[in-house]
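Trainee: next input, structure requested:
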Amino acid sequence: MMGMTSRDSSTNYPRWRVLLIGFLLVVAIIVTAIAANTTIQAFQTFQHQNELTSKGDISTIRSWMTIPFISRHYHVPENYLYESLHLNFPTYDFYGKHSRDHLTLTAISILTKRNINELIHDLQKDIRTYHRLHPTPTPGGTPPVRATPTSRPKPTPHQIIALTILTSSHVRRNAR
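Mentor: Residues are numbered from 1 along each chain as shown. As a prediction, the model looks like this:
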């Protein structure tokens with residue numbers, strides 16, 4: 001112990017370092033609390049939206065949804081929705097897949113050059129009309145009717161290119 005002072009040099013931190021570490025610790029705790037609060041709010045919002053959707057509330061239709069998804073959750077035939085929105089997309093793309101089934105409402109609004117909010121409003125109105133004309137089946141009733149390929153007018157070159165781009169980007173995203 002010769003030459004040693006009463007203070008060990010390895011534990012002698014400058015005062016500014018201790019304050020900096022303390023400050024960063026407080027910031028980390030605050031950021032964690034904010035993230036936790038945001039996560040809890042998002043979970044509660046999801047639960048509320050899920051509850052409304054399960055009850056058939058059409059105000060929960062969002063731009064990320066597809067026509068087949070809306071058809072299943074709101075018990076409306078796909079063909080009815082496609083026809084009521086005057087959508088003349090081909091049922092199959094060049095690869096033999098159901099291309100229109102993968103289009104979100106956002107993609108449909110871009111292809112048809114319609115405002116997304118107007119498209120959703122029209123869908124909600126069409127679903128209400130269908131339910132008024134066809135009362136909701138009781139639990140255990142018949143499932144919603146899937147769309148069947150019908151003869152449709154040939155798509156324009158613009159629609160073919162847009163569908164190919166949207167479908168290929170969807171396939172690339174799912175392949176990762």
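Trainee: average pLDDT across stretch 84-98?
Mentor: Mean pLDDT, stretch 84-98: 67.
Trainee: ditto for stretch 56-73
Mentor: Stretch 56-73 shows an average pLDDT of 86 in the prediction.
Trainee: endpoints of it, how far apart?
Mentor: With C-alpha to C-alpha, to the nearest Å applied, stretch 56-73 spans 7 Å between its terminal residues.
Trainee: same question for stretch 101-118.
Mentor: Using C-alpha to C-alpha, one end of stretch 101-118 lies 20 Å from the other.
Trainee: what residues of it count as buried?
Mentor: The neighbour-count check on stretch 101-118 (16 or more other C-beta atoms under 10 Å) flags 101-105, 107-109, 111 as buried. Where C-beta positions appear, they are placed from N, C-alpha and C, glycine not excepted.
Trainee: just the ones of those residues in helices?
Mentor: If you go by DSSP state H, the buried residues of stretch 101-118 have 105, 107-109, 111 in helices.
Trainee: let me have those residues in TSV, extended by pLDDT.
Mentor: Formatted as TSV, these follow (pLDDT from 0 to 100):
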residue	pLDDT
105	91
107	87
108	88
109	88
111	83
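Trainee: need the residues you listed in JSON lines (columns: distance to residue 43).
Mentor: Formatted as JSON lines, these follow (distance: C-beta to C-beta, whole Å):
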{"residue": "105", "distance to residue 43": "24"}
{"residue": "107", "distance to residue 43": "28"}
{"residue": "108", "distance to residue 43": "29"}
{"residue": "109", "distance to residue 43": "29"}
{"residue": "111", "distance to residue 43": "34"}
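Trainee: select the longest helix from the chain.
Mentor: Using DSSP H, we find that the single longest helix of the chain is helix 15-54.
Trainee: would you mark the buried spots in that helix?
Mentor: For helix 15-54, a neighbour-count test (16+ other C-beta under 10 Å) marks residue 53 as buried.
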